[in-house]
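Output the structure for:
(2 chains)
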Number of protein chains: 2
Amino acid sequence: MLENELRKRKELVESALKEIIHKGKPEELYEASIHLLKAGGKRLRPVTVLLTAELVGGKSEDAISAAIAVELLHNFTLIHDDIMDEDEMRRGIPTVHSLWGVPYAILAGDTLHALSFEILSSSRAPPERVVRAVEILSKACVEICEGQWMDMEFEKRENVSEDEYLEMVGKKTGALYEASAMLGGVIGGGEEEEIKALGSYGRNVGIGFQIYDDILDLIGKGEEIGKDRGSDIAEGKKTMLVIRARELGVELPEVRKRDEDSVEEIVEILKNFGIMDYAIRRAEEYVERGKKALEIFPDCKTKKILLELADFMIKRSY
Amino acid sequence: MLENELRKRKELVESALKEIIHKGKPEELYEASIHLLKAGGKRLRPVTVLLTAELVGGKSEDAISAAIAVELLHNFTLIHDDIMDEDEMRRGIPTVHSLWGVPYAILAGDTLHALSFEILSSSRAPPERVVRAVEILSKACVEICEGQWMDMEFEKRENVSEDEYLEMVGKKTGALYEASAMLGGVIGGGEEEEIKALGSYGRNVGIGFQIYDDILDLIGKGEEIGKDRGSDIAEGKKTMLVIRARELGVELPEVRKRDEDSVEEIVEILKNFGIMDYAIRRAEEYVERGKKALEIFPDCKTKKILLELADFMIKRSY
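This next block holds a predicted model:
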C-alpha cells in the first residue's frame, strides 16, 4: 500500500514544484538553484506535510505550499552542506558548487531559502496558521544550522558521545521532519495536542532516518545512494557507528574517499562487533517512539500510511 | 533635526537587537552570526521601517520585529557577500569568514537569514499583515540574490551598460530599502496606495544610496568606511563610475587592493572628466524621485524626517 500512497502524493509535489519554480532571471541563478531539485529525491518531507494535514482533517491542497516550502528549504541546506563538506556528488550528479563554484552555490542556496518563505507566505490557509507555519519553519532552519555547526565541530574531535551525536542529529535532521509533520497539522487546522504529537512523530522518525542514513553511507549501493560509499566516514564524520566503535575500544582502519576495499573492511569489523546491529536497533527505537506519538489519533488510512512511512525510513535502500 | 530623530529610533533598534539576539547554542555559531551586527552600522533600514510605520499612523513598537528582521536579513547578506567578494574588512573589523573560515561563515549567515523570518513571525501586528510582510521580505531577499549574481557576472564582463548596472543595484540594494519602507507601511496598517508609494520611495532612495556608496569606496576615509578604499574597483566591480568612464572612452589605471596612490590617481581622472559629478547627479536624481513618491502623504514631522533621511543617503561620509 505504502508505495502507491506515497507515489500519489509525490506526484502532487512534483507538479507543484514544476509550476512554482518558474525560471526567473538571471537564468543561470535559477538553473543552479533547481539543479539538485530536478535530480529528484524521495520527497519524504513534503509528503509528510500533506499526510499530516490530512490526518488532522485538513485538505492536502491547502498544505501544498507548505510542502513545497519544506522541500525547497531542505534543498537549500543540501547545497550549502555540500560546500561545507566539499562533497562532489549528490543524487548521482555533481553538486552545485562543483559545477558553478562556491560563490554561486552560496547564492543558489540563499535563493531557495528565501523562495521557501515566499511560497509559504502564499499558502491558502487562514493567515494566523500561515504565521505559525513561518515560525515553525524558521525555527527548524535555525536548528538545522546549529546541528550542522555541531557536525563540523565533531569532525575535529575524537571523544564525541552518543548523547552529543543524538542532540546533533535531532537538530540537523530531526528538526525538519518535526517541522514537516507540524506544518501539516497547523495548516490543516489541528488541535494543539495533535500538533504536538505530530512534532514528536516527526522528530523521532527523523532521528531514526539519520541514524539509518549513516549506516547506508557504508552499506548502500553507490548508484542507489547517489554518492560514493563511505564518504561520511572518510570525512571524519562522527556517526553513531564510529562513536559506538570508539566506546567499545574497537579500532577502525582509515577510509579514503572512493576506496571500496577499506569500506568493506570497516563494514566487516562493524558487523563482527555487533556495532551495525546496535545502530539499527537504536534507529528502530526512535522510529517506534515516533509511531507511538500517533496513538492519540484514531485509526484511519492516513495514520496507517504515516506508520508505514516511519518503518520505511529504516528499511529503504536509498 | 534629522540626527536626533534618527538616534532616538536607532536606540530602539539597538535595545531590541540586544534583547532578541540571545546567545543560543553552539555559542560560537551565535558569536559568528552577531559578529558584524555588534560592530554597529547605520541601521538605516530598520529605522526606515519604524518611520514608515509611523507615517501611515501605526505605532513604531508594533513595527520593531519587522525592523529587526530587516537588519538581520541585511547582515546575513553582508556575511555571504564578504565570502563571495573575498573581502577581509567590514565596519572596521575582520569579516566573519576571515575569522571563522568559509564553511562556518556560510552557516552564520544562514542562521541570521532564518532568524530574520522567525522574528518577523513574532510580530505583534494582525496576522494578515504579518503574512504580507513575510511575502515582501522573502521576495526582496530573492531579488538581492539575483542582484548579487549579476554583480559577480559583471566582474567578468567589460561592456556592462548603465541600464544593466541600474537593474543590478535596484535588486541588490534597492529591493531591501523598498521592502523596509513597505514593511513599515504594511505593519502600520497603511492603505494600498500608501504602501506602493513607500515602496517607490525606498527603491529609488536605495538606488541613490548604492550609487553614492560606489563613490564613497573611492573618496571615503578608510577609518570611516570601515574598509580599504578602492576595494570595489580593485575587485573589478562595474560601478557607475567605471561604466561611465568606459562609455566616454576614458582609460582608468589598474587599482590594486590597499594601494592608496592608484586610488588617488583614479579619483583625479574621474574628477577631471566630470565622471564623479555625473554619478553624484544620477544619485541625486534617484533620491529626488524617491522623495517625490511621498507627495501623496500630508506634511508632518515623520514625512519631513523621511525626506531628510533620503538626502542624507547621498551626503553621508560613511
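
Would you pull up how far the strand or helix carrying A:Lys303 lies from the middle of the chain?
Counting by DSSP states H and E, the element that carries A:Lys303 is helix A:301-312. In terms of Cα atoms, centre = their mean, to the nearest Å, the centre of helix A:301-312 is found 17 Å from the chain centre.

Name the residues of that helix that come out as buried.
Buried residues in helix A:301-312, counted by 16 or more other Cβ atoms under 10 Å in any protein chain shown: A:302-303, A:305-312. Yep, even glycine has a C-beta here, placed from its N, CA and C like the rest.

Could you do stretch A:234-242 as well?
Going by 16+ other Cβ under 10 Å, stretch A:234-242 has these buried residues: A:234-235, A:237-242.

before we move on, what about stretch A:156-176?
Of the residues in stretch A:156-176, those buried (16+ other Cβ under 10 Å) are A:160, A:164-176.

and what of stretch A:286-294?
For stretch A:286-294, by 16+ other Cβ under 10 Å, it's A:286-287, A:289-291, A:293-294.

tell me the phi and psi of A:Pro94?
Backbone torsions for A:Pro94, taken as degrees, to the nearest 10, come to phi -60, psi 140.

residues touching A:Gly199, list them.
A:178, A:181-182, A:185 (Cβ atoms under 8 Å, 6 or more residues apart in numbering or on different chains).

pretty sure it is in a strand, no?
No - the assignment for A:Gly199, made by DSSP: H, G, I helix; E, B strand; the rest coil, is helix rather than a strand.

show me the contacts for the closest residue to chain B within the stretch 151-300 of chain A.
Closest to chain B within the stretch 151-300 of chain A is A:Met152: 6.3 Å, counting by Cβ to the nearest Cβ. Listed by Cβ under 8 Å, 6+ apart, the contact partners of A:Met152 are A:84, B:103-104, B:107.

for A:Lys156, same thing?
Going by Cβ under 8 Å, 6+ apart, A:Lys156 touches A:Gly236.

ok, back up a step: can you list the buried residues of helix A:301-312 in CSV and add pLDDT?
Putting the buried residues of helix A:301-312 into CSV (pLDDT from 0 to 100) gives the following:
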residue, pLDDT
A:Thr302, 97
A:Lys303, 98
A:Ile305, 97
A:Leu306, 98
A:Leu307, 98
A:Glu308, 97
A:Leu309, 97
A:Ala310, 98
A:Asp311, 97
A:Phe312, 96
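
of those, list those near chain B.
Near chain B, judged by Cβ under 8 Å from any Cβ of the partner chain, there are no entries from the buried residues of helix A:301-312.

did I read that right, the residue of the stretch 151-300 of chain A closest to chain B in a helix?
Yes - remark: A:Met152 belongs to a helix, assigned using three-state DSSP.

Against A:Glu235, how distant is it?
10 Å (Cβ to Cβ, to the nearest Å).

Same check on A:Asp62?
Counting by Cβ to Cβ - A:Asp62 and A:Glu235 are separated by 41 Å.

Same check on A:Ile34?
Shown here: A:Ile34 relative to A:Glu235, a distance of 26 Å by Cβ to Cβ.

How about A:Pro46?
Counting by Cβ to Cβ, the gap from A:Pro46 to A:Glu235 is 28 Å.

Could you check the pLDDT of A:Asp213?
pLDDT recorded at A:Asp213 is 94.

if we can go back for a sec, of the contacts of A:Gly199, just say which sits nearest to B:Lys38.
Set against B:Lys38, the nearest of the contacts of A:Gly199 by Cβ to Cβ is A:Glu178 (31.2 Å).

how far out from the middle of the chain is the helix or strand where the closest one lies?
Following DSSP H and E, one finds A:Glu178 within helix A:175-187. In terms of Cα atoms, centre = their mean, the centre of helix A:175-187 is found 13 Å from the chain centre.

and that helix with chain B, contact?
No - legend: contact between helix A:175-187 and chain B by Cβ under 8 Å from any Cβ is lacking; minimum distance shown is 10.9 Å.

helices and strands around that helix, which ones?
helix A:44-55, helix A:64-85, helix A:127-155, helix A:192-219 (3 or more Cβ pairs under 8 Å, 6 or more residues apart in numbering or on different chains; DSSP states H and E).

Return the most buried member of those helices.
helix A:44-55 (a mean of 28; mean count of other Cβ atoms under 10 Å in any protein chain shown).

To what extent is the closest residue to A:Val96 other than its chain neighbours buried, counted in neighbours?
Residue nearest to A:Val96 in three dimensions, not counting chain neighbours: A:Ala105, with 4.3 Å by Cβ to Cβ, 6 or more residues apart in numbering or on different chains. Neighbourhood size, A:Ala105 [other Cβ atoms under 10 Å in any protein chain shown]: 23.

wait, doesn't A:Ala105 sit right on A:Asp87?
No - using Cβ atoms under 8 Å, A:Ala105 is not in contact with A:Asp87; the gap is 11.3 Å.

Now do the shared contacts for those two.
Common neighbours of A:Ala105 and A:Asp87 (Cβ under 8 Å, 6+ apart) are A:Thr95.

Looking at the residue of chain A most remote from its centre now. What's its pLDDT?
Going by Cα atoms, centre = their mean, the residue of chain A most distant from its centre is A:Gly249, 30.7 Å out. The per-residue pLDDT reported for A:Gly249 equals 96.

Let's see if you can find the most crowded of the contacts of A:Met152.
B:Leu107 leads the contacts of A:Met152 on contacts (other Cβ under 10 Å) with 26 neighbours.

Confirm that one sits in a helix?
Yes - counting by three-state DSSP, B:Leu107 is found in a helix.

Which pLDDT value goes with it?
Value for B:Leu107, per-residue pLDDT: 98.

residues from the stretch 201-318 of chain A in reach of chain B?
So the stretch 201-318 of chain A never meets chain B (Cβ under 8 Å from any Cβ).
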